[in-house]
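J.: Output the structure for:
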Amino acid sequence: MKLGEKTVTVLKNFSQINPSLLIKEGDVLSTISPSKSILGKAKVPNTFDTRCAIYELSKFLGGFSIAENPEIEFGSEAVTIKDANSTQSIRYAAESNIKAPPDKNLTLPGKDVSVDFTETQLKNVIRGAGVYSLPDIAFVGDGSTVSLQALDAKNNDGNIYSIAIGNTDKTFRVIFKVENILKIMPGNYHVDISSKLISHFTNPEIEYWVGVESTSTFS
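T.: Numbering: from 1, shown residues only. This next block holds a predicted model:
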């Protein structure tokens with residue numbers, strides 16, 4: 001098997017969410033963070049015939065990167081990375097040692113807020129969070145404008161970096177930890193948010209379910 005470019009990109013992204021990965025049969029990859037605060041799912045160009053658990057996904061990706069035009073073979077006990085001159089064998093882990101997402105499809109318990117943002121908008125807000133050492137990112141609606149903000153939700157007198165991203169007739173402040181948003185693959189996204197403190201980020205390439213902080217407010 002040759003791993004497609006999108007497959008490799010998704011695997012690299014998922015390695016930032018969870019150091020381990022359970023690969024299931026089919027062409028969909030999914031992962032969940034050990035804290036269960038973010039779940040990622042993507043349809044990829046490769047179809048996997050073998051269910052297997054890779055304990056250190058970063059080492060698998062590292063081995064893939066040092067091989068030249070590698071072939072990947074998923075055997076019964078290990079995955080093998082081969083090129084013209086080398087062979088690497090990575091043994092599977094026990095599934096019980098890996099935090100994996102549930103098999104059932106997730107659905108939001110309601111859509112109380114829906115917003116869209118671009119890759120550039122999010123990149124700028126993340127930069128703002130870095131400049132001002134802010135721990136949170138929020139979607140804020142004031143009944144007229146939706147803004148994407150970097151802030152400290154626990155400090156009402158702290159610095160805020162804000163970008164207007166749309167219009168709304170609702171009032172809300174939906175808060176996420178920067179560390180979770182950093183794990184989302186770059187891109188333009190549509191986001192549906194439930195007041196039950198769960199959100200769904202989607203674009204044509206990938207989707208994420210991300211936990212919303214309990215300090216968020218909805219009206």
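J.: for the protein, which spans come out with low pLDDT?
T.: Within the chain, no stretch falls below the threshold (pLDDT under 70).
J.: Would you state the helices of it in chain order?
T.: Assigned by DSSP state H, the chain shows helices spanning 5-17, 57-66, 119-131, 178-181.
J.: Now do the buried residues in the last one.
T.: Right, helix 178-181. By 16 or more other Cβ atoms under 10 Å, the buried positions in helix 178-181 come out as 178, 180-181. Bear in mind the C-beta positions are built from the backbone N, C-alpha and C, glycine included.
J.: Which strands or helices does that helix pack on?
T.: If you count contacts as 3 or more Cβ pairs under 8 Å, 6 or more residues apart in numbering; DSSP states H and E, helix 178-181 packs onto helix 119-131, strand 136-142, strand 207-211.
J.: Run through who's touching the longest strand seen in the chain.
T.: When the chain is scanned for its longest strand (criterion: DSSP state E), the result is strand 38-48. With Cβ atoms under 8 Å, 6 or more residues apart in numbering as the test, strand 38-48 has contacts from 1, 3-4, 6-7, 10, 13-14, 17, 23-33, 74, 101, 106, 180, 183-184, 205-211.
J.: ok, 6 Å please
T.: 4, 6-7, 10, 14, 17, 23, 25, 27-32, 101, 180, 183, 206-210 (Cβ atoms under 6 Å, 6 or more residues apart in numbering).
J.: relative to strand 207-211, how tilted is it?
T.: Relative orientation of strand 38-48 versus strand 207-211 (axes from the mean of the first three to the mean of the last three Cα atoms, to 10 degrees): 160 degrees.
J.: Could you give me the buried positions within strand 38-48?
T.: In strand 38-48, counting by 16+ other Cβ under 10 Å, buried: 38-42, 44, 46, 48.
J.: ok, now how distant is the nearest residue to Glu73 once chain neighbours are set aside from Leu61?
T.: Closest residue to Glu73 apart from its sequence neighbours, by Cβ to Cβ, 6 or more residues apart in numbering: Thr80 at 4.4 Å. In this view, Thr80 and Leu61 are 15 Å apart by Cβ to Cβ, to the nearest Å.
J.: cool, and Tyr189?
T.: 24 Å.
J.: More neighbours: those two, which one.
T.: The neighbour comparison of Tyr189 against Leu61 (other Cβ atoms under 10 Å) goes to Tyr189, with 22 against 16.
J.: Tell me what the more buried one is bridged to.
T.: Per DSSP bridges, the residues bridged to Tyr189 are Phe117.
J.: so how far is Lys82 from it?
T.: In this view, Tyr189 and Lys82 are 37 Å apart by Cβ to Cβ.
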